[in-house]
Structures are given as C-alpha cells and as structure tokens.
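In: pasting the structure only:
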C-alpha cells in the first residue's frame, strides 16, 4: 500500500506484544500523521503525534517514545536540529521520513543520528518492516550481535560468519566490517570510514578502497552485492 493512498486501509495485524513499542510521529501534514497514527496503531504500536518541533520535544518528555518517525521540513525547529537534540538519548531510535531525496540529504540525516531514512511517497508495509528491522538491530547490538544479510558479527567472541561459515579477518578488516554492520543501508563516506577505522593513523582515502576490496574478497562478494559502491561518495552495506 502506498502512503499517498491515504483513503486505503492499513494492515490489520493485531498487536503481538503486551508492551508495544512507543512511536512518536513528528509530521506537520495532518493527512499523513493521522494515517500513520491509525495504521501503526493497527500494527500494534503505541503512537503519539506532534506537528512541529516544539510539540515533539513536549511529547518526548510526556510520552517517552522508544522510536521517532521524523519529518525534516517542519515549522519552527526543523528535523535535523531535532535529531541532534534526540541524540542526547542514545537509546532513542530515529527513522527520518521526508520528501528530501538527494544523497546529500540522506547522508546529513544519518550523520545527524537517524537509524534509517525513508523517502516520501513511501510504502506503508516497508515503513513497518523498517521499524521492526531497526528495533531488531538495536536489540542485537545490545546483545553484542551485529548482522546484515548473510553476515553476522559476534563481538563477545570476535567471530564473523557468512552463511554460518567462519571468516578470518585482520584487525582493520574487522573494524571496517563492524562499522558497516553498525550502519546497514547507510551511505558511509570515505572520509567518515577513514576517521572511524583509522583515526589519526592515516589520511589517505585510497586505503579505504583497498580494505573494502580485501573485505569483499573475504566475504565472498566479488559482484559487490553486499558492499555497494556509491560513486563519488563512499560505500553502503546492503541491509
């Protein structure tokens, strides 16, 4: 179902948990916010709505959401600034839902602290799937397990597997994979990767390309189906 078909019915799955995930929808278009409030309610979530930045900050204190669906173009405090403020709570998950679809906008949103980024017009079922995926990733990360597709990284045992088979990685390859797995689906710039994996040890962005090639080889990804090159920007691990 496409979200622009607001007169349609949302999925009617009944709530599956006694303690539903609390979701705050920050959206200034009443049709969309009402649609999400009703649709996500049918999906079993507990939902509150704010129409602007100040309202979002008020609901943050009152409702104590676990996840925020955040529009960027809001009256007053915009979505980017809100995301920066929300980062004060490291447990708060953020999915940006916006009409701004340029790669630069996505990168800026993810750098601001979003866990995922979805462009309008959107598919409602995809949004629900992304909510579940973000929540699962957060729970797995808390347990020290990171995964995407066939790849799993167990931080406690420092074990990496692909389709269940162990893969031996060097320290830098492991750190690089961990960075990708911590941000599945996000475009990571070469400079960001360099800063996060090598810090002040190295300033040559070409080294990122070399280690991505090493990592692809060990993960069995010669066709770049797992780690995708985003031309002129960097790389993205398919979630």
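Out: That came through, no problem. It should be emphasised that the depicted structure is a prediction, and the values quoted were computed from it without experimental measurement.
In: and residue 223, how far is that from residue 164?
Out: 21 Å (CB to CB, to the nearest Å). Quick note: C-beta positions are derived from backbone N, CA and C, even for glycine.
In: what comes up buried for the lowest-mean-pLDDT helix or strand in the chain?
Out: Of all the helices and strands that make up the chain, helix 103-111 has the lowest average by mean pLDDT, DSSP states H and E, namely a mean of 76. Across helix 103-111, burial judged by 16 or more other CB atoms under 10 Å covers 105-110.
In: name the residues that touch it?
Out: With CB atoms under 8 Å, 6 or more residues apart in numbering as the test, helix 103-111 has contacts from 72, 79-80, 83, 96, 98, 117, 183, 186-187, 189, 192, 230, 233.
In: average model confidence for the helix or strand hosting residue 181?
Out: Per DSSP states H and E: residue 181 is located in helix 171-182. Model confidence over helix 171-182 averages 91 on the pLDDT scale.
In: do the same with stretch 37-46
Out: Averaging pLDDT along stretch 37-46 gives 94.
In: distance between that stretch and the chain's centre?
Out: Centroid separation between stretch 37-46 and its chain, computed with CA atoms, centre = their mean, to the nearest Å, is 20 Å.
In: quick check: end-to-end length of it?
Out: 9 Å (CA to CA, to the nearest Å).
In: all numbers from here: first residue = 2
Out: Sounds good: first residue 2 from here, last item stretch 38-47.
In: quick one, what contacts the residue nearest to residue 25 when sequence neighbours are not counted?
Out: In space, and not counting its chain neighbours, residue 25 is closest to residue 66: 3.7 Å by CB to CB, 6 or more residues apart in numbering. Counting by CB under 8 Å, 6+ apart, residue 66 makes contact with 23-25, 49, 60, 93.
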